[in-house]
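1. Give the three-dimensional model of this entry:
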Amino acid sequence: MSALTPLPRRWQVPALVALLTGLAWWLRSAFPPDAFADDPPYHLLRVLRLLHDAPAPTTPDAFVAHPVGSVTMWPWGFDWLLAALIRPCVGPSPTREAVVAACGAVIPFLGAALVPLVWRLARPVLPAGWALVACALVALQPLHVVYSAYGRVDHHVVEPLLFVLGALGPVSFLAHASRTGSRTLIGSGMMTGLTFAFFPTASLQVVLLVTFLGTALAVCPPRAGLAPARTFALSAVCGTALALLASPRPTALVFHTPSLLHVLLVASAGVAVVVAELGVRRGVRPALALAQGAALAAGALAALTAVLSGLWLAVTDGLAYVLQSRTGFMSDESQPLFGNLTTGLALVTWLAPLALVGVVAGVSPRPTSPARVALAALTLPLLFLACVQLRFVVVATPVLAVAVAQGLASLWQWTSSLRQTAGVHRLAHVLAFWALTGAALVPSTELIATGAPVPPVTRLMRAAAEVLERAPLAQGMGLLAPGPYGHLFKLYASVPTVCDNFWGDAESDAAQRRCLELLFAEGTVEAARLLSTLRIGAVVILAPTVTQVRADATRLGRPAELWVTAEGQLTAAFADTLWGRLARFGADAPAGAAGPYGLQLLERLSLTPAGRSRIRAYVYQLPEALPDAARAGH
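-> Take a look at the predicted model:
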């Protein structure tokens, strides 16, 4: 007996899926338009450039890692997609404001598109009613709502979409082999490989898909004329090779953008499942066939590591980048999901623990479908990654929703048995079950209703960018600004920055270090030398806090005790740094005053969020860095 019987009529199911899709779009469109920091401004800048100049992916960007410039680490697939989607709306040579508005409006549609895709993923493993529950969980998950909110132009929004597109073919084949042809497997394999073209942390997602679903295809009952594992794996390799077209460094061995490393990794995983499939077709026991495939793939990788000197370094650097980078561990999305248990559960709904019940139900020894077992096995590593870092929650959203729906279904069956034993009326059981389920969603709905997507500091940095936009720098001069907001200044002030939100590759990490060395430069001589060497024409700093000074000292590799006492006070040594001098001067001087290092205080900005202390920022400019005409007027 099901909590959702009788099942909806045929025409009602599409209507309910459409209704949930509309709800998802509405929730994601309800955020007020505002400026996001971190990744969105750079994606918007890329789209703006694509619609004007169409730069090649390998073109260095002078706005990044000033004054050196850099070939940026992100692949271009997401930016190409956005440019193609908005081009009919913004016309030729669009303004920045038009691109920002159009791209911002696209994001909720991409977020809502996950709902019907999850329906397609869940339907082979769940009854229609519980598949609709999975769709509702996707629509209401707060973390996915935030990452696909209006204006958040970030590649994270396509991660779960690409995951589901990659998984649909194998799951459909495992559930309905007689009705699923090779074209479905080829399409899913190609989308799996093309995932590399859209975001830098795709490796784990792609390798998991090829390994787990490829293994399930390899050991499934044979179908005449079709080798499903080989079809899926080879298509994934072809998709990965095609993704190199979107790479800034296609011929290198690097982790953070499509490269030869990814082709080798996917090919190795493909070799393992293809060898296993051949063994199973020849009568070898599945476990032995899988072991043979894994051994051959591991041997091939070991041989390649011996031949290609940079391969092992690329893999280890990649793992450091994804799991715990030297510079990236400070970012919000690198924090564990349950660092704060209550907030973590609210972000993924308090029903999330039922995902483990759903996984156990999926792999239980009772008669079950290969599709359910494969999807449950794939869910476990994704749930582990989601617990380790927030960034993986987004890509795990589809399987988390399906697993929770499966867990709810199992819980319903168990409580139904108890109801019959206890003689409880069925209506009372239904009402109690869904009342408790709805109560578990209350903290998440409150989070969606009250959560502000844009922190106050970001609004302050946006105001600082407007100040600099009114006082543009001369060609070749750059800006020192807090790293997490570097992209925002590139877009809204049209100025190169010394560092930004890029980290994990050698060039970006070097830029981060240059920023920190300048901030903590002690004495006027050293700071002035660095300002001149780095061709700094403007400086934006936040008033220092003990927490931020300690964090930045850690990133620089210096003991925090140099600048913060054990009692939590900033030291005299910190007061002698560029950061300390400019903050102290800016706190008291009027706008227009001549400050340290020949810099002029353009503006002192402040903001007092409700229930928080005042946040201050100071905008400085070097008069000599102005264009000739502006300098004369100045």
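2. Which parts of the stretch 251-400 of the chain are helices?
-> Ranges of helices in the stretch 251-400 of the chain, per DSSP state H, counting those that start in this stretch, are 260-281, 286-307, 311-323, 341-348, 354-363, 370-388, 391-422.
3. With distance to Arg513, mean neighbour count and mean pLDDT added, can I get those in CSV?
-> Placement of C-beta: from N, CA and C, glycine included. Converted to CSV, these look like this (distance: least, C-beta to C-beta, whole Å; neighbours: other C-beta atoms under 10 Å; pLDDT from 0 to 100):
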stretch, distance to Arg513, mean neighbour count, mean pLDDT
helix 260-281, 25, 23, 93
helix 286-307, 29, 15, 90
helix 311-323, 16, 18, 76
helix 341-348, 32, 18, 84
helix 354-363, 40, 21, 89
helix 370-388, 26, 21, 91
helix 391-422, 23, 22, 89
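4. Identify whichever of these lies nearest to Glu159.
-> Of all the helices of the stretch 251-400 of the chain, it is helix 391-422 that lies closest to Glu159, at 4.2 Å by C-beta to C-beta.
5. counting contacts, what elements does the very next helix or strand once past that closest one pack onto?
-> Per DSSP states H and E, the first helix or strand lying C-terminal to helix 391-422 is helix 426-450. Under the contact criterion of 3 or more C-beta pairs under 8 Å, 6 or more residues apart in numbering; DSSP states H and E, helix 426-450 touches helix 128-140, helix 142-147, helix 341-348, helix 391-422.
6. Any idea how far the last one is from the middle of the chain?
-> Okay, so that is helix 391-422. How far helix 391-422 lies from its chain's middle: 26 Å, per C-alpha atoms, centre = their mean, to the nearest Å.
7. about what we covered before: mind putting the helices and strands packed on helix 426-450 into JSON lines with distance to Leu185?
-> Formatted as JSON lines, the helices and strands packed on helix 426-450 follow (distance: least, C-beta to C-beta, whole Å):
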{"stretch": "helix 128-140", "distance to Leu185": "22"}
{"stretch": "helix 142-147", "distance to Leu185": "27"}
{"stretch": "helix 341-348", "distance to Leu185": "31"}
{"stretch": "helix 391-422", "distance to Leu185": "19"}
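8. And the ones you listed: which comes nearest Leu607?
-> Comparing the helices and strands packed on helix 426-450 by C-beta to C-beta, helix 142-147 comes nearest, at 21.3 Å.
9. which other residues reach that closest one?
-> 24, 27-28, 111, 114, 138, 152, 154, 156-157, 160, 346-349, 390, 393-394, 397, 444, 447-448, 451, 453 (C-beta atoms under 8 Å, 6 or more residues apart in numbering).
10. same question for that helix, mean pLDDT?
-> Per-residue pLDDT over helix 142-147 has a mean of 90.
11. Scan the helices and strands of the protein for the one with the lowest mean pLDDT.
-> Using mean pLDDT, DSSP states H and E, helix 628-633 stands out as the lowest-scoring helix or strand of the chain, at a mean of 52.
12. Dihedrals phi and psi, Leu605?
-> Dihedral pair for Leu605: phi -110, psi 150, per degrees, to the nearest 10.
13. Help me confirm that it comes into contact with Ala591.
-> No. Using C-beta atoms under 8 Å, Leu605 is not in contact with Ala591, being 10.1 Å away.
14. what about those two, which has more around it?
-> Each of Leu605 and Ala591 has its neighbours counted (other C-beta atoms under 10 Å); Leu605 has more, 20 against 13.
15. Now do the nearest residue to that one once chain neighbours are set aside, the pLDDT please.
-> Leaving aside its sequence neighbours, Leu605 sits nearest to Ala617 (C-beta to C-beta, 6 or more residues apart in numbering; 4.6 Å). pLDDT for Ala617: 92.
16. Quick check, Leu531 in contact with Leu519.
-> No. Using C-beta under 8 Å, Leu531 makes no contact with Leu519, being 11.4 Å away.
17. Give the residues shared as contacts by the two.
-> Leu578.
18. So between the two, which is more surrounded?
-> Set Leu531 next to Leu519 and count neighbours by other C-beta under 10 Å: Leu519 wins out with 25 against 21.
19. That one: what's it in contact with?
-> Residues in contact with Leu519 (C-beta under 8 Å, 6+ apart) are Leu480, Ile541, Asp552, Thr577, Leu578, Trp579.
20. Surely Glu624 is within a strand?
-> No. Checked against DSSP: H, G, I helix; E, B strand; the rest coil, Glu624 lies outside a strand; its state is helix.
21. Could you check which helix or strand contains the residue nearest to Leu562 when sequence neighbours are not counted?
-> By the measure of C-beta to C-beta, 6+ apart, the closest residue to Leu562 outside its immediate chain neighbours is Ala573, 5.7 Å from it. Assigned by DSSP H and E, Ala573 falls within helix 572-575.
22. Can you point out the buried residues in that helix?
-> Buried positions in helix 572-575, judged by neighbour count with 16 or more other C-beta atoms under 10 Å: Phe574.
23. Send over that helix as PDB, restricted to the C-alpha atoms.
-> Taking Å, rounded to 0.1, in the frame of the first residue of the first chain, the C-alpha atoms of helix 572-575 are listed here in PDB:
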ATOM      1  CA  ALA A 572      52.000  47.500  16.500                       C
ATOM      2  CA  ALA A 573      53.700  45.500  13.800                       C
ATOM      3  CA  PHE A 574      50.300  45.300  12.000                       C
ATOM      4  CA  ALA A 575      49.800  49.000  12.300                       C
END
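24. what helices or strands is the helix or strand just after it leaning on?
-> Using DSSP H and E, the helix or strand that directly follows helix 572-575 along the chain is helix 578-588. Applying 3+ C-beta pairs under 8 Å, 6+ apart, we find helix 578-588 packed against helix 506-519, helix 524-533, strand 536-542, helix 572-575, strand 600-607, strand 615-621.
25. Closest to the centroid, which residue in the protein?
-> The centroid of the chain falls nearest to His156 when counting by C-alpha atoms, centre = their mean (3.6 Å).
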